[in-house]
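Peer 1: Take this sequence and fold it.
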Amino acid sequence: MERRAVLLDLKDNVATCTGEVRKGDMVVAVGDEKVEVTAAEDIPIWHKIALKPIKKGEAVIKYGEMIGEADRDIAKGGWVSHENIHSVPRDYASEYILKGDA
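Peer 2: As a prediction, the model looks like this:
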């Protein structure tokens with residue numbers, strides 16, 4: 001069965017599923033481009049699916065930004081959740097655009 005997911009940025013290696021996904025479903029992630037991936041496992045609605053293999057220690061990218069790091073290898077089509085990624089502290093102050101810098 002075909003399912004949909006939202007792809008927010010071309011740099012993203014995950015997409016957000018807009019419906020419940022079953023292992024073997026074809027997921028079509030749509031945004032600025034269309035990416036198709038077969039679900040490697042069941043994924044709940046509003047959770048993330050890996051658009052490519054993500055190696056342990058690799059950045060997980062959503063919204064064009066790093067949202068965490070993989071705790072273990074995640075297969076293409078795998079469920080990306082708090083079970084297999086962790087947050088990485090960022091120095092947000094250094095990322096601010098200061099007046100006159102833009």
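Peer 1: Buried residues, stretch 14-33. List them.
Peer 2: Buried residues in stretch 14-33, counted by 16 or more other C-beta atoms under 10 Å: 14, 15, 16, 17, 21, 25, 27, 29. Using the backbone N, CA and C atoms, a C-beta is placed for each residue, glycine as well.
Peer 1: in the sheet, who's paired with the residue nearest the centre of the chain?
Peer 2: Among the residues of the chain, the one closest to the centroid is residue 14, at 2.0 Å (C-alpha atoms, centre = their mean). Beta bridges link residue 14 to residue 50, judged by DSSP bridges.
Peer 1: Among the buried residues of stretch 14-33, which ones are in strands?
Peer 2: Among those, DSSP state E puts 14, 15, 16, 17, 27, 29 in strands.
Peer 1: how far away is the residue nearest to the centre of the chain from residue 54?
Peer 2: Using C-beta to C-beta, to the nearest Å, we find residue 14 at a distance of 8 Å from residue 54.
Peer 1: Spell out which residues are contacts of both of the two.
Peer 2: 60, 80 (C-beta atoms under 8 Å, 6 or more residues apart in numbering).
Peer 1: Next, give phi and psi for the closest residue to residue 4 other than its chain neighbours.
Peer 2: Using C-beta to C-beta, 6 or more residues apart in numbering and skipping the chain neighbours, the partner closest in space to residue 4 is residue 18 (4.8 Å). Main-chain dihedrals, residue 18, degrees, to the nearest 10: phi -100, psi 0.
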